[in-house]
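Participant: Predicted model and sequence follow; I will ask about them next.
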Amino acid sequence: MEEILELLRDHNVTVPVPLDLPDEDQLVMIEEELLLPIPRDVRTFLLEASDVIYGSLEPVTAADPNSHTYLPEVTAVAWSEGVPRYLLPICEDKGAYYCADPDGEIVLWKDGDLTDETWPSIWQWVRDVWLES
């Protein structure tokens, strides 16, 4: 995880208005709003790396309710499009959603169904998908 976090920091693009990192209280409020726990690795990602901007993908954020990547908003849209409610979207990509299951495994939901593509953790997904975008 630390190695991948360092890679993310190295690739972070400087922008005029940088993203903020959430605090633990904000994540608790989001969990209460969604009625869904945030898996441990996803929680760590949100607290330590959700301010990174890189590549063509925009993973969810948790600090700014007005952001188009705000976790509750992305989740509401994903669920309305058919993503199962036990999955927590971590990134939307052209109508497909990378999602965390309750154990933190990342799965791809695309064209109305789950695919066979999975990653054991959000950190594997960051390395294999996001950093390659």
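Facilitator: That came in fine, so what should we check first? This is a predicted model, so every value here is computed, not measured. Numbers count the residues shown, from 1 in each chain.
Participant: got the residue ranges for the helices in the protein?
Facilitator: 2-11, 24-34, 40-49, 71-80, 122-128 (DSSP state H).
Participant: For the first one, list every residue counted as buried.
Facilitator: In other words, helix 2-11. Residues 4-5, 7-8 are the ones in helix 2-11 that count as buried (16 or more other CB atoms under 10 Å). For the C-beta atoms, the positions are set from N, CA and C on the backbone; glycine is no exception.
Participant: what would those residues look like in JSON lines with distance to residue 74?
Facilitator: Shown next, in JSON lines, are these (distance: CB to CB, whole Å):
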{"residue": "4", "distance to residue 74": "22"}
{"residue": "5", "distance to residue 74": "22"}
{"residue": "7", "distance to residue 74": "24"}
{"residue": "8", "distance to residue 74": "19"}
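Participant: Which one of these is nearest to residue 131?
Facilitator: The nearest member of the buried residues of helix 2-11 to residue 131, counting by CB to CB, is residue 7 at 6.3 Å.
Participant: With adjacent residues omitted, what lies nearest to the closest one?
Facilitator: residue 131 (6.3 Å; CB to CB, 6 or more residues apart in numbering).
Participant: State the distance from the one you found to residue 102.
Facilitator: 25 Å (CB to CB, to the nearest Å).
Participant: roughly how far apart are the nearest residue to residue 85 once chain neighbours are set aside and residue 3?
Facilitator: Distance criterion CB to CB, 6+ apart; nearest residue to residue 85, sequence neighbours excluded, is residue 79 at 5.7 Å. Distance of residue 79 to residue 3, computed by CB to CB: 33 Å.
Participant: Was I right to think residue 62 contacts residue 22?
Facilitator: Yes - the criterion here is CB atoms under 8 Å, and residue 62 meets it with residue 22 at 3.9 Å.
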